[in-house]
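[1] everything below, folded, please.
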Amino acid sequence: LLAGLATLPLIYLLGVELGGRTTGVAGTALAAVGFWPDLVSRTGLSDGWYPPFAAAALLLLVRGVRRARRLDFAAAGVVIGLAIQTTSFARSLTALAVVLIGTAWFPAGSEQRRKLLAGLGVVLILAVIAGLPTLVAARSGPVDGGALWWLGAANGARDHGVASGLVERFARAVVMPLWSDGPVWVHGGGMRPALDRVAGAFLVLGTALGIAGVVLRRRLVDALFLVSVPVLVLPAVLAPLDPAMAPSPVRCGGAMAPVFVLAGAGFASVIGALARSLASPLGRRLAAAVAIGAVTLSALAGRSVVRGTFAETWDRSAWNASELGEVVRGAVAIGVPLERARVVPHPHWVDTRLVGAEAGHPETDLAIDPQAVLNAAGRAGPQLYLVHPDDHRTLRTLKEKLPGAAVIRFESRTGNRPFLAVIDLSVNGGE
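    Below is the predicted model:
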């Protein structure tokens, strides 16, 4: 929630950079009622901080490029470094700095080019310094395809090979706002456009106006916003071992700010045209009515997704960690030590870390190796094991080792997700 709220004022400031206060207000309004930012916030993942950090870095880089101020470049470097310590997706922000400064470098004069190159150096140096703890930890750890996602296709793509896989994932990620946000429901995906129809229409108009501004008026700021979107979806594109993540509302979340700013530009142009078409109070009232109607329609669409389809998909697809956590909490309350309350992992079942969190102990992973159940059950004292109904081997082991234990079947409140609790409150346990 905090990450989503932090993104809104940054979208406003970015809108001011692109087209003035009206664009900032329009883009912020669309983002505030849109379901894309809401879904990313509701996932509760640490990667949900990628959008506000990306928006802050983009704002500082745009200001630095337009004004050639080293202070803006320095602040951008610090933000990027701090972002890297928050989420691995933020490594794409270094590419953003290179692309934005490179975009401004080509049409610039010799003196301006020198300032831009110096600014790029400041950004990269401070980003490394601010992100040093995470960078050192990543360097000292094992290097695998996950650590090298930013190199792209480090271990090959599972879908269509290296080159064709990159191109296809890039195309899917870029059109996500207007086409499909992918199948990964835990990231908010639902095979629907990431924007509702109102915001999507404004995005098309705003993008067209931006392209016209670059081609006809050579407006640098339009070019900066247009090129930022493809760069900020790189965490989805350069994930070769997770092709379903391209696109993903979370992995593409960095593009959220420029997308809504461009949509805000289209929104503001429509409202401005209506207000100017009738040079009277009637024109202003008509423009205000259209603005309120558009935001209302967008809000209703967002509510339909968040409270309707997304909530239904979540309840239908998510495992009932909270219900397992309730059983653990109850067992602890009647005398079972927390270290003796365990979840036996099973393929494609509940995340045992979440069970501990739901039981009031987020620092504890309640998993126990299935091979260790026999020895653990043999120790004296009260104990609890939560088992998947299809894990017949573990159930047989527990029944043999704990003949006096009670086996209780719990039915889920949200669908066909039963689980079994094997609990033994005797002092001798399986001795």
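[2] so where is the stretch 251-400 of the chain shaky, pLDDT-wise?
    Low-confidence segments of the stretch 251-400 of the chain (pLDDT under 70): 279.
[3] and the helices in it, which stretches?
    For the stretch 251-400 of the chain, the helices defined by DSSP state H, counting those that start in this stretch occupy 256-277, 281-303, 311-317, 321-333, 352-358, 373-377, 392-401.
[4] out of the ones you listed, which is the most enclosed?
    With neighbours taken as mean count of other CB atoms under 10 Å, the helices of the stretch 251-400 of the chain reach their highest mean count in helix 256-277, at a mean of 24. C-betas here are computed from N, CA, C, even on glycine.
[5] make JSON lines out of the helices of the stretch 251-400 of the chain and add distance to residue 237.
    Putting the helices of the stretch 251-400 of the chain into JSON lines (distance: least, CB to CB, whole Å) gives the following:
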{"stretch": "helix 256-277", "distance to residue 237": "16"}
{"stretch": "helix 281-303", "distance to residue 237": "26"}
{"stretch": "helix 311-317", "distance to residue 237": "25"}
{"stretch": "helix 321-333", "distance to residue 237": "31"}
{"stretch": "helix 352-358", "distance to residue 237": "29"}
{"stretch": "helix 373-377", "distance to residue 237": "43"}
{"stretch": "helix 392-401", "distance to residue 237": "41"}
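[6] so which of those helices comes closest to residue 418?
    Residue 418 sits nearest to helix 321-333 of all the helices of the stretch 251-400 of the chain, at 9.8 Å, using CB to CB.
[7] so what's the gap between the closest one and the chain middle?
    Here helix 321-333 shows a centroid-to-chain-centroid distance of 29 Å under the convention CA atoms, centre = their mean, to the nearest Å.
[8] which ones are touching residue 247?
    Applying CB atoms under 8 Å, 6 or more residues apart in numbering to residue 247 gives the contacts 172, 173, 176, 180, 181, 182, 189, 194, 233, 236.
[9] residue 167 is nearest to which of the helices of the stretch 251-400 of the chain?
    Proximity of those to residue 167 was assessed by CB to CB; the nearest stretch is helix 256-277, lying at 21.1 Å.
[10] using CSV, write out every CA atom in the closest one.
    Output of helix 256-277 as CSV, limited to C-alpha atoms (Å, rounded to 0.1, in the frame of the first residue of the first chain):
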residue,chain,number,x,y,z
MET,A,256,3.7,2.1,-14.6
ALA,A,257,4.7,5.8,-14.1
PRO,A,258,5.6,6.7,-17.7
VAL,A,259,2.5,4.8,-19.0
PHE,A,260,0.1,6.7,-16.8
VAL,A,261,1.9,10.0,-17.5
LEU,A,262,1.4,9.4,-21.3
ALA,A,263,-2.2,8.4,-20.6
GLY,A,264,-2.5,11.6,-18.6
ALA,A,265,-1.2,13.6,-21.5
GLY,A,266,-3.9,12.2,-23.7
PHE,A,267,-6.5,12.8,-21.1
ALA,A,268,-5.4,16.4,-20.6
SER,A,269,-5.5,17.0,-24.4
VAL,A,270,-9.1,15.9,-24.6
ILE,A,271,-10.2,18.0,-21.6
GLY,A,272,-8.2,21.0,-22.9
ALA,A,273,-9.8,20.6,-26.4
LEU,A,274,-13.3,20.5,-24.9
ALA,A,275,-12.7,23.6,-22.8
ARG,A,276,-11.3,25.6,-25.7
SER,A,277,-14.0,24.5,-28.1
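[11] that one packs against which elements?
    helix 2-19, helix 21-33, helix 35-42, helix 50-67, helix 197-217, helix 220-232, helix 281-303 (3 or more CB pairs under 8 Å, 6 or more residues apart in numbering; DSSP states H and E).
[12] now distance to residue 327 too, for these, in CSV please.
    As requested, the helices and strands packed on helix 256-277 are exported to CSV (distance: least, CB to CB, whole Å):
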stretch, distance to residue 327
helix 2-19, 31
helix 21-33, 39
helix 35-42, 25
helix 50-67, 35
helix 197-217, 43
helix 220-232, 43
helix 281-303, 34
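[13] residue 264 is nearest to which of these?
    Comparing the helices and strands packed on helix 256-277 by their distance to residue 264 (CB to CB), the top pick is helix 21-33, with 2.5 Å.
[14] report the angle between the closest one and helix 2-19.
    150 degrees (axes from the mean of the first three to the mean of the last three CA atoms, to 10 degrees).
[15] now helix 21-33: average pLDDT?
    For helix 21-33, mean pLDDT is 96.
[16] so which elements touch it?
    For helix 21-33, the packing partners by 3+ CB pairs under 8 Å, 6+ apart come out as helix 2-19, helix 197-217, helix 256-277, helix 281-303.
[17] wait, which of these is closest to residue 110?
    Between residue 110 and those, the shortest gap by CB to CB is with helix 197-217, which sits at 22.6 Å.
[18] thank you kindly, that will do.
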